[in-house]
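Novice: Quick one: sequence and predicted model below, then my questions.
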Amino acid sequence: MVALAAHGQGTVNINNRVTGTTVARFVLDTDAANTSSIGTPDWSVQFFGGPAGTAVGSLVPLTPAGSTFRGAAGSTSAGFFTGVDATVPGVAPGANADVLVKVLGPAGFSQDFGPFPALGLGGTNPTGGPPLTPPQLAMGNANLTVVIPEPATLALGALGLGAVLFLRRRK
């Protein structure tokens, strides 16, 4: 896939399933081998980026800002999102960027992955030569595990917080 950037901004291809190069499937820590419970319509991803070395809290939304998963939970395409060529604001073609992938799930759940390096962004060639091809975001070839706290852990945390608040109020 090749996309030209607008306004001198660099682009990167973000895709967690590219035959022969990248298979970085999102799975729950409770999923059986070779399956994923992460799929449409309950799950999605958002993308944030900036110049290489930018602090995670300072990364900004990319354009497009996100994508959806390719299939329903339990299907062969679950855990893989639809790839995009995204523009990284403030980073020129040919320069390096950092890209964070945020997985969003039911009940307001979110978990960050990365930042991943995007080396030599694509777009209009700053030297006037042919357009630069967007690099594939280096997400690796291993499952990316989404960890959702189990209800007992949440209940224990709430109990501890309640005890602290109760003791503070007694003083």
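Specialist: Done, it's in. Note that the coordinates shown come from a computational prediction; the quantities given were computed from them, not determined experimentally.
Novice: my read: Ala72 touches Gly39, true?
Specialist: Yes: when contacts are counted by C-beta atoms under 8 Å, Ala72 is listed as touching Gly39 (4.6 Å). C-beta: built from backbone N, CA, C; applies to glycine.
Novice: Would you confirm that Asn13 contacts Pro135?
Specialist: Yes: with the criterion set as C-beta under 8 Å, Asn13 and Pro135 qualify as a contacting pair; they are 6.8 Å apart.
Novice: what's the overlap in contacts for those two?
Specialist: For the pair Asn13 and Pro135, residues contacting each of them under the criterion C-beta atoms under 8 Å, 6 or more residues apart in numbering are Gly122.
Novice: Torsion angles phi and psi at Thr22?
Specialist: For Thr22, the backbone dihedrals (degrees, to the nearest 10) come out as phi -140, psi 130.
Novice: wait, isn't it in contact with Met139?
Specialist: Yes: using C-beta under 8 Å, Thr22 and Met139 qualify as a contacting pair, with a distance of 5.8 Å.
Novice: Need the overlap of contacts for those two.
Specialist: Between them, Thr22 and Met139 share these contacting residues under C-beta under 8 Å, 6+ apart: Asn16.
Novice: just to revisit the earlier point, now the common contact residues for Ala72 and Gly39.
Specialist: Shared contacts of Ala72 and Gly39 (C-beta under 8 Å, 6+ apart): Ala78.
Novice: From the neighbour counts alone, determine which of these two ranks first.
Specialist: Taking neighbours as other C-beta atoms under 10 Å, Ala72 and Gly39 compare with Gly39 leading, 21 against 14.
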